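> coords please:
(chains A and B)
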Amino acid sequence: KTLGERECPCRQTSKSLPSVERLVLMGIALQVCHAACNGELYSRPFIESFEETPMLLAVLTYMSYGILTIFGYLRDFMREWKIEKCHTAREREEQKDFVPLYQDFENFYTRNIYMRIRDSWNRPICSVPGATFDLVECSSNDYNWTFEYTGRVVKDVINLGSYNYLGFAENTGACATAAGEVTVKFGVGVASTRQEMGNLDRHEELEKLAASFLGVESAMVFGMGFATNSMNIPALVGKGCLILSDELNHASLVLGARLSSSTIRVFKHNNMQSLEKLLRDAIVHGQPRTHRPWKKILILMEGIYSMEGSIIRLPEVIALKKKYKAYLYLDEAHSIGALGLNGRGVVEYFGLDPKDVDVMMGTFTKSFSAAGGYVGGRKDLIDYLRTHSHSAIYATTMSLPVVEQILTSMKCIMGKDGTTIGLSRIQRLAENTVYFRRRLQEMGFIIYGNNDSPVVPMMLYMPAKLGAFGREMLKRNIGVVGVGFPATPIIESRARFCISAAHTKEMLDRALDVISEVGDLLHLKYSRHKVLPSLDRPFDETTYEENEE
Amino acid sequence: MALGDAWKQLSWFYYQYVLVTALYMLEPWERTIFNSLLITVAAMAVYTCYVFMPQHIMAILHYFEVVQ
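Numbers count the residues shown, from 1 in each chain, chains lettered A, B, ... in the order given. Coordinates of the predicted model:
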């Protein structure tokens, strides 16, 4: 059944909303549905927004960075002339005339801006990071250069930062019991690589289960999620191949692409016009000097981009891929388990065929609360990877308690353990996501991303507000993650909330009240527009949105 | 109580000023330097206005022939 024949599911609305809101939502959904279903690519409304930075805020943010830079120069001057003690790494006196070892200027940002608000990061946790966690309190006497424990433990801090989408990060329950039994029976370490003695029967069982979970022919698991990307892309593409990578791809994808020594071209984030233009140029002009055709064209994209909260426009990417005969490498690190009716990821979310995606990669770190990654695809591709991947040859395999955790949580999600816990968690995550996003937008914060993504970035813009937000939230017992430069553009620092199925509605309400209070205290409610859903422009740029003036 | 409310409002404004100019992240002696510089510049501007404003206003009125 093609997408066009399928009945438009926009008419089904969530039963948990009150009737008036349901009517309004249905109205909007029907409106968008008629437009978005025009091209028959999208079977559900795709509502994504990235509100433009207000001009005054951008100017003020640049001004605050300017002031910090001036004071940074002043402090560097004082450190140079020994008026102040220097805490960073320096060369010895005897080596001053050598070629410099430490790049002083590059660390200017770290030394003078990051250090001042460093206490909002690397906070030590002393319990399992589930829906709440316990925090070891630290204080600093010399403005964040060194920390000491105060001796207190802050209990039951609401966790809005862990990638615990389905709530499997717990120390009680089926997963923990199974992992404990396996540790007693087999130990923790595997002590070998996959090709030597590290291939256990549990790994093969996990791979079969992962393949049936994803709907592909075969899958392979690796011990580390970052290494899955960086070690397998070089095995798939090489010299003479072209990689088209999204501009906001994760560091692991960028590293893997660079290690492969293929030509890399970057297209604008989630922008299908940019991607199509690059594909056409690649096919028409071929390789740079010789104009020979490219051996392979690989498109690298992620399912959910964690810094923006945007979801890949998968139907359009697959249509483009088929038209221009390129291959798609989909990194579902954040979207596996978190999207789709049965948690099968972004492919199920759009109702597409998993066989259309050539290489489906993902990690077990986020929704399954374990560690490691997988690659899924056709059987001959995975057999090739088993012999040619750097990770299979050189890296140790996944340790068995982790394998057991993944097996138990995957069976729970699929419903194979006989309960409906998995399905109820997926539904609770979807409800929590929609509720949290809607409430935050109503309060007037600028929220980026798609309405269905459980990653919610809230814009803060100014560096001082980034530090203040983390501290004020912790004072009120909520743990959040703030993100600044270099993970984001310099003026667009944000706080990133990760919704979990383990959050109850009371926790979310408490968190929302506190966020509203801190937002009023720090004056963070910047949003000026009523956000409209993206209308009948399936190929639009998502940088600017229509404003209702 | 009006004084207490006014004080609260003023301290919230000071907090906003400190956040927007990134003084929140600076150490107290750096804040002192920046505030002193700002107050000095502002005081100089006010003093200049006070000294020269009468002359400027007379010149404008003379230009528009309101006064001889």
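> got the residues of chain B near chain A?
Residues of chain B found near chain A (Cβ under 8 Å from any Cβ of the partner chain) are B:12, B:15-16, B:18-27, B:30, B:34. Bear in mind the C-beta positions are built from the backbone N, C-alpha and C, glycine included.
> What remains of those if I keep only buried residues?
By neighbour count, with 16 or more other Cβ atoms under 10 Å in any protein chain shown, the residues of chain B next to chain A hold B:18-26, B:30, B:34 as buried.
> on that earlier part again, give me the subset of the residues of chain B next to chain A that lies in helices.
The members of these that map onto helices under DSSP state H are B:12, B:15-16, B:18-20, B:30, B:34.
> Widest-spaced pair of these?
With Cβ to Cβ as the measure, no two of these lie farther apart than B:Trp12 and B:Glu30, at 22.1 Å.
> quick one: which of the residues of chain B next to chain A is nearest A:Leu244?
B:Ala22 (38.7 Å).
> and the closest one, what is it in contact with?
A:64-65, A:67-68, A:462-464 (Cβ atoms under 8 Å, 6 or more residues apart in numbering or on different chains).
> With A:Met410 instead?
Counting by Cβ under 8 Å, 6+ apart, A:Met410 has contacts A:209-210, A:213, A:368.
> Which of the helices or strands spans it?
Secondary structure from DSSP states H and E places A:Met410 in helix A:400-414.
> The next helix or strand after that helix to helix A:400-414, inter-axis angle?
Moving toward the C-terminus from helix A:400-414, the next helix or strand (DSSP H and E) is helix A:421-443. On the basis of axes from the mean of the first three to the mean of the last three Cα atoms, to 10 degrees, helix A:421-443 is oriented at 80 degrees to helix A:400-414.
> the strands in the stretch 151-300 of chain A, which residues?
Secondary structure of the stretch 151-300 of chain A (DSSP state E, counting those that start in this stretch): strands at A:218-222, A:242-246, A:263-267, A:297-302.
> just to revisit the earlier point, okay if I get the buried ones among the residues of chain B next to chain A as a markdown table plus pLDDT?
Shown next, in a markdown table, are those (pLDDT from 0 to 100):
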| residue | pLDDT |
| --- | --- |
| B:Val18 | 95 |
| B:Leu19 | 94 |
| B:Val20 | 94 |
| B:Thr21 | 93 |
| B:Ala22 | 93 |
| B:Leu23 | 94 |
| B:Tyr24 | 93 |
| B:Met25 | 92 |
| B:Leu26 | 93 |
| B:Glu30 | 93 |
| B:Phe34 | 95 |
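> mind putting these in JSON lines, distance to A:Ile318 included?
Formatted as JSON lines, these follow (distance: Cβ to Cβ, whole Å):
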{"residue": "B:Val18", "distance to A:Ile318": "51"}
{"residue": "B:Leu19", "distance to A:Ile318": "46"}
{"residue": "B:Val20", "distance to A:Ile318": "46"}
{"residue": "B:Thr21", "distance to A:Ile318": "49"}
{"residue": "B:Ala22", "distance to A:Ile318": "46"}
{"residue": "B:Leu23", "distance to A:Ile318": "51"}
{"residue": "B:Tyr24", "distance to A:Ile318": "47"}
{"residue": "B:Met25", "distance to A:Ile318": "46"}
{"residue": "B:Leu26", "distance to A:Ile318": "51"}
{"residue": "B:Glu30", "distance to A:Ile318": "54"}
{"residue": "B:Phe34", "distance to A:Ile318": "55"}
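> of those, closest to A:Arg437?
Closest to A:Arg437, out of all of those and judged by Cβ to Cβ, is B:Leu19, at 25.7 Å.
> Look up how far A:Ser262 lies from the closest one.
46 Å (Cβ to Cβ, to the nearest Å).
> Check A:Arg494 too.
32 Å.
> and the gap between the residue sitting furthest away from the middle of chain A and chain B?
In chain A, counting by Cα atoms, centre = their mean, A:Glu94 sits farthest out from the average C-alpha position, at 46.0 Å. Going from A:Glu94 to chain B by Cβ to the nearest Cβ, to the nearest Å gives 33 Å.
> can you check A:Leu74 too?
Following Cβ to the nearest Cβ, the distance that separates A:Leu74 from chain B is 8 Å.
> Leaving out the residues flanking it, which one is nearest to that residue?
In space, and not counting its chain neighbours, A:Leu74 is closest to B:Glu30: 7.8 Å by Cβ to Cβ, 6 or more residues apart in numbering or on different chains.
> Quick one: residues contacting the one you found.
For B:Glu30, the contact set (Cβ under 8 Å, 6+ apart) comprises A:71, A:74, B:23.
> Now the nearest residue to A:Gly444 once chain neighbours are set aside: phi and psi?
For A:Gly444, ignoring the flanking residues on the chain, the nearest one in space by Cβ to Cβ, 6+ apart is A:Lys525 at 3.7 Å. Main-chain dihedrals, A:Lys525, degrees, to the nearest 10: phi -90, psi 80.
> quick one on the thing from earlier: now rank the contacts of A:Met410 by neighbours and give me the top one.
A:Phe368 (26 neighbours; other Cβ atoms under 10 Å in any protein chain shown).
> Quick check on that residue: phi, psi?
Given degrees, to the nearest 10, the pair of backbone angles that A:Phe368 has is phi -100, psi 0.
> if I look at it, how far off is chain B?
Distance from A:Phe368 to chain B, by Cβ to the nearest Cβ: 38 Å.
> thought that residue was touching A:Gln405?
Yes. A:Phe368 lies in contact with A:Gln405 (Cβ atoms under 8 Å); the separation is 7.0 Å.
> Please parse chain A into its domains.
Domain assignment for chain A by the TED database gives A:53-159+A:425-528, A:174-414.
> could you dump those domains to CSV with mean pLDDT?
Listed next are these as CSV, based on pLDDT from 0 to 100:
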stretch, mean pLDDT
domain A:53-159+A:425-528, 91
domain A:174-414, 93
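> Minimum distance to B:His56: which of these has it?
When those are compared (using Cβ to Cβ), the closest one is domain A:53-159+A:425-528, at 29.6 Å.
> Would you mind naming what in chain A lies close to chain B?
A:60, A:63-65, A:67-68, A:71, A:74, A:113, A:116-117, A:143, A:462-465, A:467-468, A:521-523.
> Inside strands: which ones of the residues you listed?
Counting by DSSP state E, no part of those is found in strands.
> Those in helices, which ones?
A:60, A:63-65, A:67-68, A:71, A:74, A:463-465, A:467-468, A:521-522.
> Buried ones only from the residues of chain A next to chain B, please, as a PyMOL command.
Buried residues among these (16+ other Cβ under 10 Å), as a PyMOL selection:
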select buried, chain A and resi 60+64+65+67+68+71+113+116+117+462+463+464+465+467+468+522
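> Contact partners for A:Gly422?
A:166, A:343, A:412-415.
> hmm, try it at 7 Å
A:343, A:412-415 (Cβ atoms under 7 Å, 6 or more residues apart in numbering or on different chains).
> How about B:Tyr15?
Residues near B:Tyr15 by Cβ under 7 Å, 6+ apart: none.
> From B:Leu37, how far out is it?
Relative to B:Leu37, and taking Cβ to Cβ, B:Tyr15 is found at 20 Å.
> cool, and A:Leu460?
As judged by Cβ to Cβ, A:Leu460 and B:Leu37 stand 27 Å apart.
> go on, A:Phe469?
From A:Phe469 to B:Leu37 the distance is 28 Å (Cβ to Cβ).
> Pull up the per-residue confidence for the residue minimising distance to the centre of chain B.
Taking Cα atoms, centre = their mean, the centroid of chain B lies closest to B:Ala42, which sits 4.9 Å from it. Per-residue pLDDT puts B:Ala42 at 97.
> nearest to B:Val66, of the domains of chain A?
domain A:53-159+A:425-528 (38.1 Å).
> Between the two ends of the closest one, what distance do you get?
Terminal residues of domain A:53-159+A:425-528 lie 10 Å apart, using Cα to Cα, to the nearest Å.
> Just give me how far it sits from the chain centre.
Between the centre of domain A:53-159+A:425-528 and the centre of its chain there are 17 Å (Cα atoms, centre = their mean, to the nearest Å).
> before we move on, what about stretch A:264-274?
For stretch A:264-274, the distance to the chain centre is 18 Å (Cα atoms, centre = their mean).
> Sweet, I'm off.
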